Each structure stands twice: as C-alpha cells, then as structure tokens.
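In: Pasted the sequence and its predicted model underneath.
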Amino acid sequence: MIQVEALTKRYGTTTAVDGLSFSALPGTVTGFLGPNGAGKSTTMRLIVGLERPTSGTATVDGHRYADLPAPLHSVGVMLDARSVHPGRTAYRHLLAHARTHGISTARVREVIEMTGLESVARRRAGTFSLGMGQRLGIATALLGDPQTLILDEPVNGLDPDGVLWVRRLVRDLAAEGRTVLLSSHLMHELALCADRVVIIGKGRLLADAPVQEIVERSAGGSLEEAYLELTAGSVEYRGCAADGTTASGGSR
C-alpha cells in the first residue's frame, strides 16, 4: 500500500504540497485528481523518491522508496512516458531496465506482448507516437511484476481501444490484490475504473472517498460535477469566456 502522512513540499516561498495525508490500498484502483498546479505530480515524485519532502512521509509497504532493496519489483512507475532515450529501441529500453534488477528476457518479451508493442519493439522510441510511448511507459512499469503501480495520465494519447485496454488492465491488476494509484483528467474514465478517488487542490486534501460516495455528494450526480464543485476554489489557471466571465461563471 501507499501511505502519505502530513506530506509537505516547499520550493522557497511556494508550497506545492501542504500537509497531505491519504492511503492507496491493495486491491484498489485509487484515482488521484486535482487541477493543474494542485501538487499531484509533486506528490507522486515524492512517493518515488525523486523529490525530498520538506516534512512528513511517503512510504510504500511501510518503506521509503529509497530504502526498497529492489524497487522495480515493488513499485512500477510511469510519471513521464517521454523519458526514454529516443535512439534506443523499445526492446533495448526494457532490456536495460531488466538487467538492473536481474529480470529475465522472457519477462521483457512478456510485457511487450501485454502492452501490444510486438510490431514496434525494434523501432527507436524517438519515432513513437504519443500512444505508443504511453504503452512503452506502462510496459516499463509492469516489468518487475510489482505489487504497487503509480501511473500518471496513462491513457493520454491512446485511441479508444487503448483506453479500454488500460481500464481493463488496472482493474485486473487491482483484482490480483495490487495497489494502483492512477492520475487522470478524464473523469468519465476514472468513474469507470477507480474504486475511490483522492482529490487535492493547492496541495491540500479536498476529498478522499469511494467514487460512488463522491458522486452522491454532488448536485450534478457525476464525478465530473463533484470534482468541479470540490475544486472550484483551487483552480489557478482558469479560462475566460467571450463575455468576460470565468469558466465557473464568476467575473475575472
């Protein structure tokens, strides 16, 4: 499981994450939501040791990510599918990761098949479409057969078949007793695949409850409406309509 307790991260005078606490449990798909700039990416980076917290803790199965003896076997992570050397083929990218953890080439071939990359496995990653890059990122996250997965916008750039595949994949992984933390801006998709949602705004917790409970609190009766109601005071980058009103109906 993932446990975040009183987590805070400051950059100078800016507080990106502010006393945040929540859990993502085994056997559960936890949707992680918030407006742009809410602190979602920073929180995920803190969980996997890419940032150091100002205070508080973020652990996986009771351990800091840095203390895990074989992190790829414990936590599968996709934070940025573009973080692949463009001159390296998909197969070589996965093989390099596998060799750092003693993972067999058979497992490399297995995740290539699982993610539908067989036909492009020998192509350089720099030639990949956004959707193929997402599939390679997911393949990398699955490589160590981890019990915990952290996926940031995994359906970004995927076609409808790919979106359906990701939905089924995360549901199957949770059914196997794994922990899945999934960030997405696609409310309809999260309503279909998540068991519960954690919503943050300006680095603070706004809601942490089962999807149905969140929806029932909303006047609009949908996850999207509930999200908009909860984050109305936390949106930093708000568009403006032609009449000079903001997207939420207020004046600038």
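Out: That came through fine. Worth saying up front: this structure is predicted, and the values here are computed from it rather than measured. Numbering: from 1, shown residues only.

In: Provide a list of residues in contact with residue 192.
Out: Neighbouring residues of residue 192 by C-beta atoms under 8 Å, 6 or more residues apart in numbering: residue 167. Heads up, the C-betas are built off the backbone N, CA and C, glycines and all.

In: That one and residue 140: what is the separation?
Out: To residue 140, residue 192 is 25 Å away according to C-beta to C-beta, to the nearest Å.

In: before we move on, what about residue 98?
Out: For residue 98, the distance to residue 140 - C-beta to C-beta - is 10 Å.

In: Who has more neighbours out of these two?
Out: Just comparing residue 98 and residue 140: by other C-beta atoms under 10 Å the higher neighbour count belongs to residue 140, 23 against 20.

In: Count the residues that sit near the residue nearest to residue 191 when sequence neighbours are not counted.
Out: Spatial nearest neighbour of residue 191, excluding adjacent residues (C-beta to C-beta, 6 or more residues apart in numbering): residue 223 at 4.3 Å. Using other C-beta under 10 Å, residue 223 has 24 neighbouring residues.

In: pretty sure residue 223 contacts residue 187?
Out: Yes: counting by C-beta atoms under 8 Å, residue 187 is a contact partner of residue 223 at 4.9 Å.

In: For the stretch 101-250 of the chain, which segments count as helices?
Out: Along the stretch 101-250 of the chain, counting by DSSP state H, counting those that start in this stretch, helices occupy 105-114, 130-142, 160-175, 187-193, 211-217, 223-230.

In: can you put the ones you listed in TSV and add distance to residue 4?
Out: Putting the helices of the stretch 101-250 of the chain into TSV (distance: least, C-beta to C-beta, whole Å) gives the following:
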stretch	distance to residue 4
helix 105-114	28
helix 130-142	19
helix 160-175	19
helix 187-193	19
helix 211-217	19
helix 223-230	18
